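Colleague: just the structure for this:
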Amino acid sequence: MTSTVSVRIDQCLYEQAKADAAIDHRTIAGQIEFWARVGRAALDNPDLPVAFIAESLASMAEPREQATPFLPRSRCA
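Modeller: All right, here's what the predicted structure looks like:
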């Protein structure tokens with residue numbers, strides 16, 4: 001069971017999370033949690049681009065049955 005905690009955040013940050021959450025089909029809380037995971041991973045891996053970290057975390061969160069298998073392009077015809 002997941003527990004929840006209430007926190008106060010800046011209204012502007014809330015509005016940004018609300019807008020991004022709608023685009024990415026997340027809840028507002030889910031969007032803020034995603035940002036926190038990206039930020040934590042970026043701090044832990046300063047040599048990786050933030051966009052790579054964000055895309056990697058998003059892909060890891062996708063259900064496996066919805067994943068598209070990787071099919072390398074053949075160099076031979």
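Colleague: secondary structure element holding residue 23?
Modeller: helix 11-24 (DSSP states H and E).
Colleague: buried sites along that helix?
Modeller: Judged by neighbour count using 16 or more other CB atoms under 10 Å, the buried positions of helix 11-24 are 17, 21. For the C-beta atoms, the positions are set from N, CA and C on the backbone; glycine is no exception.
Colleague: one more: stretch 30-37?
Modeller: Under the neighbour-count criterion of 16+ other CB under 10 Å, stretch 30-37 has 31, 32, 34, 37 buried.
Colleague: and stretch 43-57, by the same measure?
Modeller: Quick answer for stretch 43-57 (16+ other CB under 10 Å): 53, 54.
Colleague: what segments of this protein are strands?
Modeller: Using DSSP state E, the chain contains no strands.
Colleague: how about the helices in the chain?
Modeller: Counting by DSSP state H, the chain has helices at residues 11-24, 28-44, 50-61.
Colleague: run the chain-centre distance for the helix holding residue 23.
Modeller: Centroid displacement of helix 11-24 relative to its chain, using CA atoms, centre = their mean, to the nearest Å, is 13 Å.
Colleague: do stretch 67-77 as well
Modeller: Distance, centroid of stretch 67-77 to centroid of chain: 26 Å (CA atoms, centre = their mean).
Colleague: packing partners for the lowest-mean-pLDDT helix or strand in the chain?
Modeller: Every helix and strand of the chain was ranked by mean pLDDT, DSSP states H and E. The lowest is helix 50-61, at a mean of 90. Applying 3 or more CB pairs under 8 Å, 6 or more residues apart in numbering; DSSP states H and E, one finds that helix 50-61 contacts helix 28-44.
Colleague: enumerate every residue touching residue 59.
Modeller: Residues near residue 59 by CB atoms under 8 Å, 6 or more residues apart in numbering: residue 67.
Colleague: for the helix holding residue 23, give me every contacting residue.
Modeller: With CB under 8 Å, 6+ apart, helix 11-24 has contacts from 26, 27, 28, 30, 31, 32, 34, 35, 58.
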